[in-house]
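Peer 1: Any chance you can model this:
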Amino acid sequence: LLLLLLALLTTVTRAKVFRQCELAHVLQRNGLEGYSGYGLANWLCMAFYESTFDTAAQSIKADCSADYGIFQISSQLWCTDDSSPSDNRCRMACRDLLSSNITDDIICAKRIVRNPQGMNGWEGWAMHCKGQDLSEWVEGC
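Peer 2: Sure thing, here's the model as predicted:
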């Protein structure tokens, strides 16, 4: 029973739901402000609509691939999850995108946004953030 409780606590502490300004500071410290021409507000808006700032977010797609982590990075192209074929362009295990340490998520997101489609690769950004006044996302941070 003690081992089960310890395992559950370990799992719970691995994930994190960021507060908006807290995430803004982490993203800024890791060089996302202005990265590939996208301001910090774009990254915050995208992360909110993709995962509501939850590092443990996962969603299964119709093609049996899945999206992982705070940026909902696809197992089909960017990471490997052992349940669907992957190009694994970020050279990482998808489960690594589910921890409270989002350094690897940011590294992979930088790789994704360098593609010709830029942030359009994230449906949440394209539907809710693109072309909008995003100043509220960084206000007060």
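Peer 1: all contacts plus neighbour counts: C-alpha atoms, from now on.
Peer 2: Noted.
Peer 1: so how many other residues sit close to the nearest residue to residue 33 once chain neighbours are set aside?
Peer 2: Leaving aside its sequence neighbours, residue 33 sits nearest to residue 40 (Cα to Cα, 6 or more residues apart in numbering; 4.6 Å). Other residues near residue 40 come to 23 when the count uses other Cα atoms under 10 Å.
Peer 1: do the same with the one 5 residues further on
Peer 2: Applying other Cα under 10 Å, we find 23 residues neighbouring residue 45.
Peer 1: ditto for residue 62
Peer 2: Neighbours around residue 62, by other Cα under 10 Å: 7.
Peer 1: again, but for residue 108
Peer 2: Around residue 108 there are 20 residues (other Cα under 10 Å).
Peer 1: All the strands of the chain, in order from the start?
Peer 2: Counting by DSSP state E, the chain has strands at residues 58-60, 66-68, 73-74.
Peer 1: With distance to residue 102, mean neighbour count and mean pLDDT as added columns, please give the ones you listed in a markdown table.
Peer 2: Formatted as a markdown table, these follow (distance: least, Cα to Cα, whole Å; neighbours: other Cα atoms under 10 Å; pLDDT from 0 to 100):
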| stretch | distance to residue 102 | mean neighbour count | mean pLDDT |
| --- | --- | --- | --- |
| strand 58-60 | 15 | 17 | 94 |
| strand 66-68 | 12 | 23 | 96 |
| strand 73-74 | 12 | 24 | 96 |
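Peer 1: For residue 104, which of these is the nearest?
Peer 2: Smallest distance to residue 104 across those (Cα to Cα): 11.0 Å, for strand 73-74.
Peer 1: Are there helices or strands packed against the closest one, and which ones?
Peer 2: Using 3 or more Cα pairs under 8 Å, 6 or more residues apart in numbering; DSSP states H and E, the elements in contact with strand 73-74 are strand 66-68.
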